[in-house]
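Student: sharing a sequence plus its predicted fold:
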Amino acid sequence: MDSERRNSILLVGGITIVILLAIGLIGFGYYTDRVKPKHETVLTVGHRSFDYAYLERRVKTNFRIGIVDPQNLQQDILRTLGQIQEEEVTRQTAKANGYTATDAEIEAEMPSQIPGQHPKEPTPEELRELVRGYLLSTGYSLDEFREIITAKVLKSKMHDDIEAAVPSQLPHASMRIIVNTTEGNALNAKQQFQQRLLTEPEPDIAFALVAAVVSEDASKAEGGEKNWVVKGSLPAKVDEVAFTKTGASDIIETPEGYYLLFVREIQTQTVTADDKKAIVDRTIQDKQTAAMDPLGGTKVGLTSDHISRITRALAALSA
């Protein structure tokens, strides 16, 4: 092979390698900028992970139906992530407690999730077309849509069963509370209460004065006043102490914080609608904790970059 031909081959080979390297770099850049971020995990609930692409689809859907406020976009993105978390916690809690949702129950609930004018009780053919159009407009897969509906069905089932089991009458405690996030703050609150008793002979008033200063509960502004609290609406350890005896309690440690109670009176009363709601909410929360703790709870991986990407995606929809 003469030197001129050899040089030509080497030149062509070199150009080819450069082109391939350029294509590779472009491909890598596209993967890094466009593909990889969509598969980054933004939420882990137990053993289940949700990626950025799913969150973006959920936020876009909420934006299209008018429940995302462009003026409070970051808050609405976090709210959507919280919605995804609540749905998965509901599904896993329901599974741990033996609840299931049938195909008929899921399909019956589907129309309520789809915005716009359509029959409330569509025929099977109407439902297929309705769901097909919704999936095309949102980018959801059928499995994703069914999971959203499943969470609603399971939540309703658990709620109804718990509510139905609430008796018509239950013990109620008239009380004040102090709640602190750390043991040190709780010890300080207990010490301040004991010191206040030296100058204020009425324990209820002494407790209120301390609660108004050191409590971290929403009742702080009212001196820790909770009025009548129904049995079953407090964290289990707090509930047990509250309905055992009147007067001031010792510090009660719970996963939600450190409690001090002052119970004025305990008596059986008729259970109101608000009482039922408080019991149902507490019972579901306890079931969720029992189901999720062994699985590692929840981890949020959302970053400011993810929020910025969603913001740009919504801006493109508005353009």
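Tutor: Great, that's in hand.

Student: which element is residue 292 on?
Tutor: Assigning secondary structure by DSSP states H and E places residue 292 in helix 273-292.

Student: for that helix, packing partners?
Tutor: helix 73-96, helix 142-164, strand 225-230 (3 or more Cβ pairs under 8 Å, 6 or more residues apart in numbering; DSSP states H and E). Bear in mind the C-beta positions are built from the backbone N, C-alpha and C, glycine included.

Student: mind doing that once more with 10 Å?
Tutor: Using 3 or more Cβ pairs under 10 Å, 6 or more residues apart in numbering; DSSP states H and E as the contact definition, the elements that helix 273-292 packs against are helix 73-96, helix 142-164, strand 169-180, strand 225-230, helix 236-242.

Student: mind putting those into JSON lines with mean neighbour count and mean pLDDT?
Tutor: Converted to JSON lines, the helices and strands packed on helix 273-292 look like this (neighbours: other Cβ atoms under 10 Å; pLDDT from 0 to 100):
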{"stretch": "helix 73-96", "mean neighbour count": "18", "mean pLDDT": "95"}
{"stretch": "helix 142-164", "mean neighbour count": "16", "mean pLDDT": "97"}
{"stretch": "strand 169-180", "mean neighbour count": "22", "mean pLDDT": "98"}
{"stretch": "strand 225-230", "mean neighbour count": "18", "mean pLDDT": "98"}
{"stretch": "helix 236-242", "mean neighbour count": "18", "mean pLDDT": "96"}
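
Student: switch these over to a markdown table; also include distance to residue 316.
Tutor: Compiled in a markdown table, these are given as follows (distance: least, Cβ to Cβ, whole Å):
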| stretch | distance to residue 316 |
| --- | --- |
| helix 73-96 | 14 |
| helix 142-164 | 22 |
| strand 169-180 | 45 |
| strand 225-230 | 49 |
| helix 236-242 | 49 |
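
Student: buried residues in the helix or strand hosting residue 127, which are they?
Tutor: Per DSSP H and E: residue 127 is located in helix 124-138. By neighbour count, with 16 or more other Cβ atoms under 10 Å as the criterion, the buried positions of helix 124-138 are 127, 130-131, 134, 138.
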